[in-house]
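**Student:** let's see this in three dimensions:
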Amino acid sequence: MATCSPFTSIFLCCFLLILSSSLGKTTSRPKALILQVTKDAKTLQYVTQVSQRTPLVPVKLTLDLGGPFMWVNCERGYTSSTYKPALCGAAPCRLLNTTSCTVCDPSVPDCLNTCGAGPDNPIANTGTHGEFGADVFTIQSTNGRNVLRVVTVPRLYFICGNNFVNDGLASGVTGIAGLGRTGASLPAQLSSYFRFNRIFALCLSSSTRSSGVVFFGNGPYTLLPNVDASSALTYTPLIVNPATESGFLGDASPKYFIEVKSIKINDKRVKLNETLLAVDSEGNPGTTTISTANPYTVLESSIYTAFVSAFVKAMPKNVERVPNVAPFGACFSSKNIGSTRLGPAVPTIDLVLQSKNVWSIFGANSMVEVSKDVLCLGFVEARTDFTPRFSIVIGGHQIEDNLLQFDLSASRLGFSSSLLGRSTTCANFNFTSTS
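**Tutor:** Residues are numbered from 1 along each chain as shown. Prediction:
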């Protein structure tokens with residue numbers, strides 16, 4: 001701390017005091033945060049663990065890339081001396097962008113009318129209504145290479161869920177970590193509290209025995225052996241879809257959308273109705289969204305039919321097609337399929353984006369090993385008993401071992417394509433603490 005002497009001008013002294021104070025605050029504030037993510041072998045959900053409440057309790061949450069907020073099952077013994085409900089009309093309620101108010105029974109002790117919203121479970125497609133409140137939340141900081149000290153958010157807002165909406169989640173999971181495009185999501189609240197740019201990056205491991213990672217804040221995002229996965233990203237604009245999943249105009253969807261112009265297999269354009277890939281001003285079905293709740297990419301029915309047909313045609317003639325294994329529509333004997341650094345030697349799938357940028361999908365992300373001798377094309381057809389909201393939903397298998405950076409400040413998605421080509425994977429972050 002600078003000190004004032006009789007010989008120092010008042011102006012200079014005050015300047016040094018302000019500068020010293022500012023530097024102290026800057027160095028104590030983390031530049032980035034990190035969550036460790038594991039893939040649940042049974043459900044294929046991506047699971048993380050946070051610490052919340054007073055005293056602190058570890059809480060397992062399933063990641064939902066398009067989820068609007070974090071919700072926690074408050075019927076599973078939620079107790080905390082620091083929980084604060086968000087009262088109706090209070091400033092925190094604006095994070096939800098809703099006027100919904102939960103009116104309690106006035107005969108109940110400590111009755112408080114709070115703002116609330118519906119915690120949704122994208123795995124079981126269930127939803128309910130819950131109270132909005134805040135509690136202590138801790139998370140590890142990072143320098144992009146390894147983990148640093150644990151930092152605390154005194155009030156991180158979330159929704160109280162219940163047992164009904166908890167059904168279908170992985171064992172031990174009691175909520176959802178929403179990373180969506182809203183003011184109440186984890187990226188939004190963390191960047192606001194710690195005052196860094198609203199940027200986060202997702203790097204999911206393909207293995208159920210090793211961990212992937214979510215970074216909050218800008219890079220570098222360094223993976224062993226000293227590979228900065230954020231150093232060579234391709235960018236495409238993020239699109240705001242003006243319609244919610246129910247099809248109603250109003251609040252934009254919290255999901256992340258990009259525009260796929262066409263699909264190529266082995267550099268040959270797939271013949272499909274490409275008008276299905278566009279979204280109009282009324283939010284009609286179209287566009288491409290990215291999801292961690294879907295284990296595999298989901299394609300609208302006519303797109304799926306054309307895509308599978310083109311992929312089968314592009315496979316080498318000596319590769320035998322075998323009976324399909326649900327939920328996949330094209331399976332092959334692996335006997336004559338070679339191996340490469342990028343996975344099985346199968347046709348390359350290219351998603352052609354705006355500005356002719358290409359997201360390439362190689363064998364490790366296109367094929368699923370369903371048995372020792374059978375590989376299946378890891379894409380599935382959208383259910384035909386309802387009108388799909390989106391033509392393409394890029395699922396978890398296709399984004400594993402790819403770094404995806406969501407830059408909300410610039411409204412763009414940065415993607416690496418497969419990190420296997422750079423001799424690393426998303427399981428290679430060093431979670432050894434240096435603090």
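
**Student:** what sits closest to residue 359 if chain neighbours are left out?
**Tutor:** Spatially, and ignoring its direct neighbours in sequence, residue 359 is nearest to residue 351 (4.3 Å; CB to CB, 6 or more residues apart in numbering). Bear in mind the C-beta positions are built from the backbone N, C-alpha and C, glycine included.

**Student:** tell me which helix or strand comes right after the helix or strand that neighbour falls within.
**Tutor:** For residue 351, the host element (DSSP states H and E) is strand 349-353. For strand 349-353, the succeeding helix or strand toward the C-terminus, using DSSP H and E, is strand 358-361.

**Student:** export that next one as CSV, just CAs?
**Tutor:** Taking C-alpha atoms only, strand 358-361 is exported to CSV below (Å, rounded to 0.1, in the frame of the first residue of the first chain):
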residue,chain,number,x,y,z
VAL,A,358,-16.5,-26.0,-42.7
TRP,A,359,-17.0,-28.0,-39.5
SER,A,360,-15.5,-31.4,-40.4
ILE,A,361,-16.7,-34.6,-38.7
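
**Student:** counting contacts, what elements does it pack onto?
**Tutor:** For strand 358-361, the packing partners by 3 or more CB pairs under 8 Å, 6 or more residues apart in numbering; DSSP states H and E come out as strand 234-237, strand 349-353, strand 412-418.

**Student:** pull out the buried residues from it.
**Tutor:** Buried positions in strand 358-361, judged by neighbour count with 16 or more other CB atoms under 10 Å: 359, 360, 361.

**Student:** quick check: which of the helices and strands packed on strand 358-361 is nearest to residue 79?
**Tutor:** Nearest of the helices and strands packed on strand 358-361 to residue 79, taken as CB to CB: strand 412-418 at 39.8 Å.

**Student:** what's in contact with that closest one?
**Tutor:** The set of residues external to strand 412-418 that reach it, using CB atoms under 8 Å, 6 or more residues apart in numbering, is 201, 229-230, 232-238, 256, 258, 290, 342-343, 359-362, 364-365, 401-407, 422.

**Student:** let's have the helices and strands packed on strand 358-361 in TSV, adding mean neighbour count, mean pLDDT and distance to residue 138.
**Tutor:** Shown next, in TSV, are the helices and strands packed on strand 358-361 (neighbours: other CB atoms under 10 Å; pLDDT from 0 to 100; distance: least, CB to CB, whole Å):
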stretch	mean neighbour count	mean pLDDT	distance to residue 138
strand 234-237	16	96	32
strand 349-353	22	97	38
strand 412-418	20	96	28
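
**Student:** where's residue 329 relative to residue 305, distance?
**Tutor:** 9 Å (CB to CB, to the nearest Å).

**Student:** in three-state terms, label residue 201 for me.
**Tutor:** strand (DSSP: H, G, I helix; E, B strand; the rest coil).

**Student:** how about the one 5 residues further on?
**Tutor:** Three states are possible here, and by three-state DSSP the one that applies to residue 206 is coil.

**Student:** any idea of the pLDDT on the residue nearest to it when sequence neighbours are not counted?
**Tutor:** Sequence neighbours aside, residue 400 is the residue nearest to residue 206 in space, at 4.0 Å (criterion: CB to CB, 6+ apart). Looking at residue 400, its pLDDT reads 98.

**Student:** domains in this structure, by residue range?
**Tutor:** Per automatic domain parsing, the structural domains of the chain span 33-196, 228-433.

**Student:** want to throw these into CSV with distance to residue 205?
**Tutor:** Compiled in CSV, the domains of the chain are given as follows (distance: least, CB to CB, whole Å):
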stretch, distance to residue 205
domain 33-196, 6
domain 228-433, 4
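
**Student:** give me the beta-bridge partners of residue 102?
**Tutor:** residue 114 (DSSP bridges).

**Student:** that one and residue 89, how far apart?
**Tutor:** In terms of CB to CB, residue 102 sits 12 Å off from residue 89.

**Student:** in terms of neighbours, single out the busier of these two.
**Tutor:** The residue with more neighbours, out of residue 102 and residue 89, is residue 102; 18 against 11, by other CB atoms under 10 Å.

**Student:** what about residue 228, neighbour count?
**Tutor:** Residue 228, neighbours per other CB under 10 Å, totals 15.

**Student:** same question, residue 44
**Tutor:** 17.

**Student:** A helix includes it, no?
**Tutor:** No. Looking at residue 44 with three-state DSSP, it is coil, so not inside a helix.

**Student:** confirm that residue 92 sits in a strand.
**Tutor:** No. Counting by three-state DSSP, residue 92 falls outside a strand, being helix.

**Student:** so which residues of the stretch 301-435 of the chain form strands?
**Tutor:** 321-322, 331-333, 339-340, 343-344, 349-353, 358-361, 367-371, 374-377, 379-381, 392-394, 402-407, 412-418, 430-433 (DSSP state E, counting those that start in this stretch).

**Student:** nearest to residue 62, out of these?
**Tutor:** strand 392-394 (16.7 Å).

**Student:** relative to the whole chain's centre, how far out is that closest one?
**Tutor:** Put simply, strand 392-394 sits 14 Å off its chain's centre (CA atoms, centre = their mean, to the nearest Å).

**Student:** now for residue 329 and residue 305: what residues contact both?
**Tutor:** residue 381.

**Student:** higher neighbour count, those two?
**Tutor:** Using other CB under 10 Å, the more surrounded residue of residue 329 and residue 305 is residue 329, with 20 against 14.

**Student:** shaky segments in the chain?
**Tutor:** 1-27, 98-99, 105-111, 242-251, 279-286, 384-388, 434-435 (pLDDT under 70).
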